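Q: Mind folding the following:
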Amino acid sequence: MRGPNMLKIHLSRLLPGLVALASLMFPLTAGAQAAGNPNEACLMCHADASAKASSGKSIAVDAKVFAGSVHGQMQFKCTDCHSDVSADKLPHEPSLKPADCASCHEAQVKDYQWSAHAQGRVAGSSAAATCSDCHGKHNIAKSGDAKSGTAFVNVEATCGSCHGNDQMAKEHRVPGGNVQKAFHDGIHSKAIHAKGANTKAPTCIGCHGAHRIQSKAEGNSASNRQNVAGMCGSCHQQEVSRFSASMHGTVRQAGNSAAPTCTDCHSAHSIRQHASSTFQADVMKECGGCHADFIKSYRDTYHGQVTEMGYTRIATCSSCHGAHEVLPASNPKSMISPENRTSTCRSCHPGATANFAAFKPHGNAHDRAGDPILYYTRLFMVWLLIGVFSFFGLHTLLWMLRELREVRERRRGR
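A: Alright, predicted model coming up:
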C-alpha cells in the first residue's frame, strides 16, 4: 500500500508544473481555460502598468480600479464592451473598435448622436467629447458616487476640462473657452460648492442636458435664445411668470427676438447675486444697450451721476421700472403709471407728494419740442456761463496788461 500512495504524492507535486508546461506548448488550452473568465486572460498583458499600444498610448488596466467601477461590481467581462476580442484567440488584433456603449445604453447613445459633440466628431474634431471623456473608461462610477466625473459636484470640472481651456477652445473651436471660470464665479456654482450644497442648483447639464447637448443655434436647444426663459423658468417659475407678462416678455412673444431675455441681463454663466451692488450698477449698462436715449438722460440726473460712481443706494433702473415685471407707463399696474408713481417715489423718499412725483427723471435738455422749458433753461445757463467767463476772462487779461505796464514803469524810474 505504501508504494501506490507515494506515487500519488509525487504525481500531485508534478501536476501543476505539467499543466503550466502544457499551457506554454498549447496556447489554445490556456485560452480555453480563460474562456469562462476572459478578464484574467486580458489582464495577463493589460495589468502591466507600462503596457502601451504601438501608437505609444497606454493600454494598462488597473484591476483594482476596474473591480471598484460600476461595471466591475456588476461582474462585466472585458469582451462585453470590447466585442471584437475573443479570449480563445490571443493575442488579439492590434487595432480594435472602440467600446460599444450602445449595447447596454442604447437610449443615451441615441441622444448623443444628435448632440453637438457627436456632430463635432463627424466634422473631424478629435477633441469633441465621447462617452469616456465624461464617464471615464475602466473607472466608471455611478453619478451618485462622489468619485464619478458626472457626480453633481464634479460636473463643472468635467465640462471645464474642455470648455474651460482657452488653448483647446482656440485650436478646436470649442465654445466657451473661459466658461468654467465664469460659471465658477457665478451664483449657481457657489450654491453647488457651498457647505451643505444646494442640490437643486443647476450644473452644466441642468441647462444644456446630459447626452443630447445641442448648440444654442439649434432651434430646439434649451439654450437657444427663444427657449432661454423656459429653461430658466424650470427653477425660477415666479420670475419667469412676471417676465412673460411684462413688456419685454410680450414683445418677445410677438416675435421680436431682439427683445431682452434672461441672459441679456443676468448673463449665461457668470450669473451674480441680484442684491449685490456690483450687479445693480452693471445691469444698468445692459438697460442702456437697448434704451440708449433713456440711459443718457438718466446719467444727466443726480441719480445717474451717483450710480455712475458705483453707489447703488440711489435709484437705479429697476428701482422705478421693476426688474422682471417692467410695464409701460400706460399700464395701471406699472410702477411708473400715474396711479403708482407717488408710491414708487416714496420707497426712497417717504415724504414724496404728487407734485414731487411729477419730476421728470429722464428730462432731455436737448429736446426742444419734447421738453421746451428744460431746453431753454439749459440754453440760458450755457450762454450765462459763456458770458460770465468771457467777461471775467477779458477783465483778467486787461488787468494783467496794466500790471505789466506798471512793472515796466517802476523799473524805468530806478
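Q: how far is the helix or strand Arg408 falls within from where the chain is centred?
A: Using DSSP states H and E, the element containing Arg408 is helix 372-413. Offset of helix 372-413 from its chain centre (Cα atoms, centre = their mean, to the nearest Å): 60 Å.
Q: for stretch 338-353, same thing?
A: Worked out by Cα atoms, centre = their mean, stretch 338-353 lies 39 Å from the chain centre.
Q: outside of that stretch, which residues touch it?
A: With Cβ atoms under 8 Å, 6 or more residues apart in numbering as the test, stretch 338-353 has contacts from Ala315, Ser319, Cys320, Ala329, Pro332, Lys333, Ser334, Met335, Ile336, Ala354, Phe356, Ala357. (C-beta placed from N, C-alpha, C; glycine too.)
Q: got the buried residues for it?
A: Neighbour counts using 16 or more other Cβ atoms under 10 Å place Asn340, Arg341, Thr342, Thr344, Cys345, Ala352 of stretch 338-353 among the buried residues.
Q: Does Gly149 fall in a helix, a strand, or a coil region?
A: coil (DSSP: H, G, I helix; E, B strand; the rest coil).
Q: same deal with Gln226?
A: Gln226 ends up helix, using three-state DSSP.
Q: do you know how far it is from Ala258?
A: Per Cβ to Cβ, to the nearest Å, Gln226 is found 12 Å from Ala258.
Q: Looking at these two, which has the bigger crowd around it?
A: Counted by other Cβ atoms under 10 Å, Gln226 and Ala258 do not tie: Gln226 has more neighbours, with 13 against 9.
Q: Skip the chain neighbours and tell me the closest residue to Gly370.
A: In space, and not counting its chain neighbours, Gly370 is closest to Asn364: 6.3 Å by Cβ to Cβ, 6 or more residues apart in numbering.
Q: now, among the contacts of stretch 338-353, which is nearest to Gln108?
A: Lys333 (46.6 Å; Cβ to Cβ).
Q: residues of stretch 128-136 that come out buried?
A: Neighbour-count burial for stretch 128-136 [16+ other Cβ under 10 Å]: Ala128, Ala129, Cys131, Asp133, Cys134, His135, Gly136.
Q: can you list the residues that contact it?
A: 69, 98-99, 101, 105, 109, 112, 116-121, 148-150, 158, 161-162, 172.
Q: same thing with stretch 280-291?
A: Contacts for stretch 280-291 (Cβ under 8 Å, 6+ apart): 260, 264-265, 274, 294-296, 298, 307, 310, 312, 316-318.
Q: Next: stretch 139-159.
A: Stretch 139-159 has contacts (Cβ under 8 Å, 6+ apart) with 65-66, 68-71, 134-136, 179-180, 183-184, 189, 192-193, 197, 199, 203-205, 210.
Q: is it fair to say the residue nearest to Gly370 lies in a helix?
A: No. Judged by three-state DSSP, Asn364 forms no part of a helix; its state is coil.
Q: ok, back up a step: now list the buried members of the contacts of stretch 128-136.
A: 69, 99, 101, 109, 112, 116-118, 120, 148-150, 158, 162.
Q: Using a markdown table, please lay out these together with distance to Thr79 and secondary structure.
A: Formatted as a markdown table, those follow (distance: Cβ to Cβ, whole Å; DSSP: H, G, I helix; E, B strand; the rest coil):
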| residue | distance to Thr79 | secondary structure |
| --- | --- | --- |
| Ser69 | 16 | coil |
| Ala99 | 11 | coil |
| Cys101 | 15 | helix |
| Val109 | 19 | helix |
| Tyr112 | 23 | helix |
| Ala116 | 32 | helix |
| His117 | 27 | helix |
| Ala118 | 26 | helix |
| Gly120 | 30 | helix |
| Ser148 | 24 | coil |
| Gly149 | 25 | coil |
| Thr150 | 25 | coil |
| Thr158 | 28 | helix |
| Cys162 | 31 | helix |
